[in-house]
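J.: structural data only, the sequence is not supplied:
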Ligand SMILES: *[C@@H]1O[C@H](CO)[C@@H](O)[C@H](O)[C@H]1NC(C)=O
Ligand SMILES: *[C@@H]1O[C@H](CO)[C@@H](O)[C@H](O)[C@H]1NC(C)=O
């Protein structure tokens with residue numbers, strides 16, 4: 001009976017290790033490919049990125065903090081940031097003049113990245129509140145305040161590019 005339990009235990013440990021590692025491999029082999037694709041689409045879907053800055057402070061301390069976090073927490077951070085970005089793009093986009101096909105492809109590939117990350121690890125007990133608050137502020141101070149104008153969307157595009165580039169750097173440092 002005792003041996004049986006030890007074996008079950010070892011088996012469970014191996015299983016959980018494999019689950020994490022499959023995720024490691026997936027991120028190592030695919031995250032960068034999808035990331036390069038959507039960053040390139042984001043760049044190509046409109047003109048030059050605006051010089052203007054969004055009137056919201058960048059959550060620099062969050063990124064500094066996540067640099068020291070465990071692998072799984074980093075994956076959860078990637079998951080949540082990409083989810084929040086997707087959510088911003090649900091807003092009224094009537095004013096944008098971006099290339100429709102590039103925009104759709106951008107969102108589809110972002111969705112694929114999100115789904116992969118989401119199935120990679122188990123959800124956190126305590127979701128990152130500061131990240132949510134930052135994106136809410138961005139929504140209120142840029143999109144809503146500027147009436148979902150083309151210029152407001154350009155600011156969102158710029159912030160999005162910044163975040164997706166930062167996430168890429170974060171992933172680069174995970175290995
Ligand atoms: C990914 O983000 C979504 C949206 O916040 C959340 O419902 C889900 O639990 C997250 N998954 C992980 C693995 O953190
Ligand atoms: C947004 O719309 C509101 C109401 O239609 C208007 O009062 C406000 O001046 C507009 N803001 C901008 C930045 O265009």
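T.: Here it is on my side, so go on. Please read these numbers as outputs of a predicted model, since none were measured by experiment. Residues are numbered from 1 along each chain as shown. Ligands and ions are numbered 1, 2, ... in the order given.

J.: give me the element residue 169 is part of.
T.: Assigned by DSSP states H and E, residue 169 belongs to helix 150-172.

J.: tell me which helix or strand the spatially most central residue of the chain sits in.
T.: In the chain, the C-alpha nearest the mean C-alpha coordinate belongs to residue 82, at 2.5 Å (CA atoms, centre = their mean). Assigned by DSSP H and E, residue 82 falls within helix 71-88.

J.: now the helices: where do they sit in this protein?
T.: 2-26, 32-44, 60-67, 71-88, 100-118, 129-138, 150-172 (DSSP state H).

J.: most packed of those helices?
T.: Among those, helix 71-88 has the highest mean neighbour count (mean count of other CB atoms under 10 Å), at a mean of 20. Every C-beta, even on glycine, is put in place using the N, C-alpha and C of the backbone.

J.: is there proximity between it and ligand 1?
T.: Yes. Using CB under 6 Å from any ligand atom, helix 71-88 comes into contact with ligand 1 via 76, 79, 80, 83.

J.: which residues sit against that helix?
T.: 20, 23-24, 27, 31, 66, 69, 107, 110-111, 113-114, 117-118, 120-124, 127-128, 131-132, 135, 138-139, 143, 156, 160, 163-164, 167, 170-171, 174 (CB atoms under 8 Å, 6 or more residues apart in numbering).

J.: run the angle between that helix and helix 32-44 for me.
T.: Angle of helix 71-88 versus helix 32-44, following axes from the mean of the first three to the mean of the last three CA atoms, to 10 degrees, is 30 degrees.

J.: just to revisit the earlier point, for the helices of the chain, give me TSV that also has mean pLDDT and distance to residue 51.
T.: Below are the helices of the chain laid out as TSV (pLDDT from 0 to 100; distance: least, CB to CB, whole Å):
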stretch	mean pLDDT	distance to residue 51
helix 2-26	65	37
helix 32-44	98	15
helix 60-67	92	20
helix 71-88	95	21
helix 100-118	97	22
helix 129-138	95	18
helix 150-172	97	9
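
J.: out of the ones you listed, the one nearest residue 54 is which?
T.: Among these, the nearest to residue 54 by CB to CB is helix 150-172 (4.4 Å).

J.: show me which residues of this protein are close to ligand 1?
T.: By CB under 6 Å from any ligand atom, the residues of the chain that approach ligand 1 are 76, 79, 80, 83, 118, 121, 123, 124.

J.: can you rerun that using 8 Å?
T.: Neighbours of ligand 1 within the chain, by CB under 8 Å from any ligand atom: 75-76, 79-80, 83-84, 114, 117-124, 127.
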